[in-house]
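# Below is the sequence, then the predicted model.
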Amino acid sequence: MQRYFIKNNYRQNDVIITDDSMYKHITKVMRMEKGEHVICIDEDKHVYLCEIIDTKQGLLQIKEELQEDNELDVEVTLIYGLPKSDKFEFVIQKATELGVTRIVPLRASRSIVKMDEGRFNKKKERFVRIAQEASEQCHRQIVPEITPPIQLSQLKDYLSEVNVVAYEEESKNGEHHAFTKALNDLHTSITIIVGPEGGFDHQEVEKMQSMGVVPCSIGNRILRSETAPLYMLSVIGYRRELGD
């Protein structure tokens, strides 16, 4: 069943008034008719089964509230060294499917893309749409936040209860326990940090360590920048939902 995220003010008692984008998708893309059903999720994570009652005015009637909770039981912030645009969009989509709460692009010294806030804002609508469509597809109750790019000096504002950075030198040194320990210590929130295509330089990692971030290996193999965050999110999801 088609799902839509809505603003709280779309609802008036038991009637939901669709916005232009939602209206066009229901009537023009999905070609739905009066009497068909959709699911709407509001900003407070309430999930409603709704019936289309007027296709001309774009009105839906709430039939019942559904009890759903498909979110991870911890908040996950992904801080991601800016890669090429297509890789960033891929990671937004897949990280959303894997349960990320917030995605923070980081201007790293080896980032190929040099995106300032103005250039980012021109693309933000597309980034948010990718995240929203992914959240609808995988039946989430929230759309992850995507922040403007930050500098390393701003990192402290985005740290959590547990903070780790994927660093290939830890793998070369044979250190494979830091990520496991971090997950054992995790109760409410975690920030995972992944570098761009060229990785982080040693000075950047040292600066992160001074803020309390723990460098960690994520296995024997060196993963691409777009693979590493998805691997880490998959491990977190397994540990929180399927593991011991």
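The structure has been received and is ready for your questions. Just so it is clear, the structure is predicted and the values come from calculations on it, not from any experiment.

# Kindly list the longest helix within the protein.
Ranked by residue count, the top helix of the chain under DSSP state H comes out as helix 117-137.

# got a list of what K94 touches?
Listed by Cβ atoms under 8 Å, 6 or more residues apart in numbering, the contact set of K94 reads A134, L230. (Each C-beta comes from the backbone N, C-alpha and C, glycine too.)

# Please repeat the previous calculation with a cut-off of 6 Å.
Residues counted as contacts of K94 (Cβ atoms under 6 Å, 6 or more residues apart in numbering) are L230.

# Show me the helices in this protein, by range?
Assigned by DSSP H, the helices in the chain fall at 20-24, 85-97, 117-137, 168-172, 178-185, 202-210, 228-237.

# which one of those helices lies closest to C50?
With Cβ to Cβ as the measure, helix 20-24 is the member of the helices of the chain nearest C50 (11.1 Å).

# what residues does that closest one touch?
Contact with helix 20-24 is made by Y4, G58, as judged by Cβ under 6 Å, 6+ apart.

# before we move on, the earlier item: reformat the helices of the chain as TSV; add mean pLDDT.
Below are these laid out as TSV (pLDDT from 0 to 100):
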stretch	mean pLDDT
helix 20-24	93
helix 85-97	92
helix 117-137	91
helix 168-172	63
helix 178-185	92
helix 202-210	94
helix 228-237	96
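
# Quick check: closest non-adjacent residue to S160.
Of all residues not flanking S160 in the chain, S189 sits nearest, at 3.8 Å (Cβ to Cβ, 6 or more residues apart in numbering).

# what is that neighbour paired to in the beta sheet?
For S189, the beta-bridge partners under DSSP bridges are E75.

# Can you name the residues that contact it?
V74, E75, S160, E161.

# Local confidence estimate at it?
Looking at S189, its pLDDT is 98.

# circling back: between the contacts of S189, which has the most around it?
The residue in the contacts of S189 with the most neighbours, by other Cβ atoms under 10 Å, is V74 (20 neighbours).

# In contact with it, which residues?
Counting by Cβ under 6 Å, 6+ apart, V74 makes contact with T188, S189.

# Could you do G81 as well?
By Cβ under 6 Å, 6+ apart, the neighbours of G81 are L106, A108, S111, G195, P196.

# What is the nearest of the residues you listed to R3?
Comparing these against R3 with Cβ to Cβ picks out L106 as the nearest, at 30.9 Å.

# is that closest one in a bridge, and if so with what?
Residues in beta-bridge contact with L106 (DSSP bridges): G81, I150.

# ok, now how distant is it from I190?
Taking Cβ to Cβ, to the nearest Å as the measure, L106 falls 16 Å from I190.

# cool, and V47?
Distance, V47 to I190, using Cβ to Cβ: 26 Å.

# the more surrounded of those two?
I190 (25 against 18).

# How about the more buried one: what's its closest non-neighbour residue?
V162 (4.4 Å).

# ok, how many other residues are close to the one you found?
Neighbours of V162 using other Cβ under 10 Å come to 21.

# Enumerate every residue touching it.
V162 makes contact with A182, D185, L186, I190, according to Cβ under 6 Å, 6+ apart.

# List the residues that contact H202.
Counting by Cβ under 6 Å, 6+ apart, H202 touches no other residue.

# Identify the residues contacting Q203.
Counting by Cβ under 6 Å, 6+ apart, Q203 has no contacts.

# can you pull the pLDDT of the spatially closest residue to Q67 that is not a sequence neighbour?
Spatial nearest neighbour of Q67, chain neighbours left out: V47 (7.7 Å); criterion: Cβ to Cβ, 6+ apart. At V47, the predicted lDDT confidence score is 96.

# List the beta-bridge partners for V47.
When bridges are taken as DSSP bridges, the partners of V47 come out as I41, L66.
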